[in-house]
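S.K.: quick one, what's the 3D model for this:
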Amino acid sequence: MVTKRGAPVLFTHRVLMIAGALQPKSLVVYFELILDDLVSYGPGGEGLLVRPVVREGGQLLEQEAFVHRVFLSAVYCDSPARQKLAGVVQGASAYLMCMYCWMCGVKFNNMRMLGYRGPVRCRYGKLKGQEVQMGVNERSRLIAHEEQVLRGMVAETTDALSANRDVGVHMLNPVVKALSYVDANNIFPVPLYHALYLGVVKDFVKVLLQSGVGEGLGWDKRVVAERETHFLLPADFSRPLLSVVSKQGRMVIENWVRFLEVYSVYLFWPELGAVVLSSSAKKAWGHLRRFAMFFQRPERITSASHRLQRAKQAR
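M.R.: Have a look, this model is predicted:
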């Protein structure tokens, strides 16, 4: 398991942690030694010789040795580290920023991934010149494992920037290259906190803050700012409350988690004398919060009724 920071994931163990305030330019050098060991200890290699020892009657007795095969099941990291390790072309000018499909970004102030409500025309990549839309002809848009390997090999055989821009990567994922049993599309679990809180939640709040937005969205910023002054936190609280109205640029994942889970319940509460959210915004926020809470507080789901109960609790 590889993590940037945070609690260990169930049934996994940390094998590498990269400390430091700055991200290294390349992650490959950090993985080479570990990947060499995984090749040696994995299928096709010599394996790892294990000699179990048990205690009997106050004595340690060595058991029969056996060969243990080691497999890498997943690499846990945030979105930027995932893109970097996979060799995906990054930056504000990267059109093929999604590592799993051929949909192109669209420059609208910044580079944005559109194509949800309507088709977008691809400027680069395999589908150059074609119109692509989410949910339409997904088979041609998505990149299978074999195609991931092929485009990585193409990128490594050319130094041309235009070629890298058309394949969307500048190298073959070193984990995929070293371990034949790894699937390029399954090795990275979704970085839920990074993608959800610094992505969907933050963007949705920006939409609410925009003036003159359509479809009945928007909120009463004055009321929200006033209610934020009602919170009183203990002196030893790790992070102070930051105003979602005026300080969201300083909010990190932990701030967004607390905002969604705790503060928003009071800030958006309609029975406190003022309507903060429109009906459509309230419905959208409710769906988003229930989705986040369901995955944010994972528990063993033993039955359909238990799953339903958990979904109700997330409300």
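
S.K.: break down the stretch 101-250 of the chain into its helices, ranges please.
M.R.: Secondary structure of the stretch 101-250 of the chain (DSSP state H, counting those that start in this stretch): helices located at 138-141, 145-156, 161-167, 174-178, 192-195, 202-209, 221-228.

S.K.: wait, which of those is closest to residue 260?
M.R.: If you check each of the helices of the stretch 101-250 of the chain against residue 260 by Cβ to Cβ, helix 202-209 wins as the nearest, at 9.4 Å. C-beta here means a position set from N, CA and C on the backbone, and glycine is covered the same way.

S.K.: ok and the closest one relative to helix 221-228, angle-wise?
M.R.: Orientation of helix 202-209 against helix 221-228 (axes from the mean of the first three to the mean of the last three Cα atoms, to 10 degrees) gives an angle of 120 degrees.

S.K.: packing partners for helix 202-209?
M.R.: Where contact means 3 or more Cβ pairs under 8 Å, 6 or more residues apart in numbering; DSSP states H and E, helix 202-209 is packed against helix 279-296.

S.K.: just checking, what packs against the helix it packs on?
M.R.: Applying 3+ Cβ pairs under 8 Å, 6+ apart, one finds that helix 279-296 contacts helix 202-209, helix 304-313.

S.K.: report the buried residues of that helix.
M.R.: Buried residues in helix 279-296, counted by 16 or more other Cβ atoms under 10 Å: 281-282, 284-285, 288-289, 292-294, 296.

S.K.: quick check: angle from that helix to helix 202-209?
M.R.: If you take the same axes, to 10 degrees, helix 279-296 sits at 160 degrees to helix 202-209.

S.K.: what stretches of the protein score poorly on pLDDT?
M.R.: Applying pLDDT under 70 to the chain flags the ranges 1-16, 20-21, 23, 92, 160-162, 211-218, 271-275, 298-304, 306-307, 310-315.

S.K.: re the thing from before, CSV for the helices of the stretch 101-250 of the chain, including distance to residue 97 and mean neighbour count?
M.R.: What follows is these, written out as CSV (distance: least, Cβ to Cβ, whole Å; neighbours: other Cβ atoms under 10 Å):
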stretch, distance to residue 97, mean neighbour count
helix 138-141, 14, 12
helix 145-156, 14, 17
helix 161-167, 11, 16
helix 174-178, 19, 19
helix 192-195, 13, 16
helix 202-209, 15, 16
helix 221-228, 31, 16
